[in-house]
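Trainee: after the sequence you'll find the predicted model.
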Amino acid sequence: MDDLFLKNMQCLACKKNFQTSKVRRSKYSVIKVDTDFCTYYRGENPLFYNTNICPHCGYGFTENFRPPGEKARVELANQIFPFSLDFSGRRNLDLAVLANKRAIECAQIQREKEILKASLYLQVAWFYRAEGDTEAEKIYLEEARRYYSDAFEKDKELTNVGRVLYLLGELNRRLGNDKEAILYLSRVINDKSINDPGIIRMARERWQEIREE
Ligand SMILES: [Zn+2]
């Protein structure tokens, strides 16, 4: 059990304290990273523990969540507690997927930023990819694509625009939408305001891959 440690948390919704497991930084290392940043680890997967589930009220959140406002808190409080499961200890893939799906529900209720929802959906897609469930992976990749697109269109405070555009290209490529993929990737390559050499190089590689197909 010593690859995990218990972290003290405070629920953003009900404000009660609880403990949840995280993976010690010294106990995992990166084996490889896919072209959409899906990361594979030696040792316990730290991504399985990104989402905190409050055992008191069932609220699910990551460190990027804002506290829910009054209206969202009432709506959350009126929900029947969705789990009788213990999320505080070691998590298998099923628990990790459930925890992320719960965070997505909470993000929807409190109208979180599109970019945050996109990353939660993308993470679930990665979990399914690791399991070899390509059908479920596609469903979540499609949702991630939709929310990245909304974020790009609507979010005036969006940072990391190059990365978002690259992901829009790459997710479209993975979903078989080559035309859209090329539009986004060429934008990364040609937009002078994007000055992230790593992202521009990756966009060139993906574009080349589509042309060679
Ligand atoms: Zn709570």
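Mentor: Done, it's in.
Trainee: what pLDDT, on average, does the longest helix belonging to the chain get?
Mentor: Ordering each helix of the chain by length in residues (DSSP state H) puts helix 134-154 first. Average pLDDT, helix 134-154: 97.
Trainee: and that helix, what does it pack onto?
Mentor: If you count contacts as 3 or more Cβ pairs under 8 Å, 6 or more residues apart in numbering; DSSP states H and E, helix 134-154 packs onto helix 114-131, helix 161-174. Using the backbone N, CA and C atoms, a C-beta is placed for each residue, glycine as well.
Trainee: list of residues touching it?
Mentor: With Cβ atoms under 8 Å, 6 or more residues apart in numbering as the test, helix 134-154 has contacts from 113-115, 117-119, 121-122, 124-126, 128-129, 158, 161, 164-165, 167-168, 171-172, 174-175.
Trainee: returning to that earlier point: looking at the helices and strands packed on helix 134-154, which is nearest to L4?
Mentor: helix 114-131 (18.1 Å; Cβ to Cβ).
Trainee: for the ion, what are the nearby residues on the chain?
Mentor: With Cβ under 5 Å from the ion as the criterion, the chain meets the ion at residues C11, A13, C14, C54, H56, C57, Y59.
Trainee: which among those residues count as buried?
Mentor: Listed as buried from the residues of the chain next to the ion are C11, A13, C14, C54, C57, Y59; burial here means 16 or more other Cβ atoms under 10 Å.
Trainee: the fifth one contacts C11, correct?
Mentor: Yes. Contact between C57 and C11 holds when scored by Cβ atoms under 8 Å: they sit 6.3 Å apart.
Trainee: next, count neighbours for L12.
Mentor: As a burial measure, L12 scores 18 neighbours (other Cβ atoms under 10 Å).
Trainee: next, it: secondary structure please.
Mentor: Of the three states, L12 takes coil under DSSP: H, G, I helix; E, B strand; the rest coil.
Trainee: that one: what's it in contact with?
Mentor: Contacts here follow Cβ under 8 Å, 6+ apart; on that basis L12 touches Y59, F61, F65, R66, P67, P68.
Trainee: circling back to that earlier point, what about the longest helix of the chain, distance to the chain center?
Mentor: Centroid separation between helix 134-154 and its chain, computed with Cα atoms, centre = their mean, to the nearest Å, is 10 Å.
Trainee: now do stretch 36-48
Mentor: Between the centre of stretch 36-48 and the centre of its host chain there is 12 Å, according to Cα atoms, centre = their mean.
Trainee: after the helix or strand bottoming out on mean pLDDT in the chain, next one along is what?
Mentor: Ranked by mean pLDDT, DSSP states H and E, the weakest helix or strand in the chain is helix 70-78, scoring a mean of 89. As assigned by DSSP states H and E, the chain's next helix or strand after helix 70-78 is helix 93-109.
Trainee: which other helices and strands contact that following helix?
Mentor: Counting by 3+ Cβ pairs under 8 Å, 6+ apart, helix 93-109 packs on strand 60-61, helix 70-78, helix 114-131.
Trainee: could you say what helices and strands the last one packs with?
Mentor: Where contact means 3+ Cβ pairs under 8 Å, 6+ apart, helix 114-131 is packed against helix 93-109, helix 134-154, helix 161-174.
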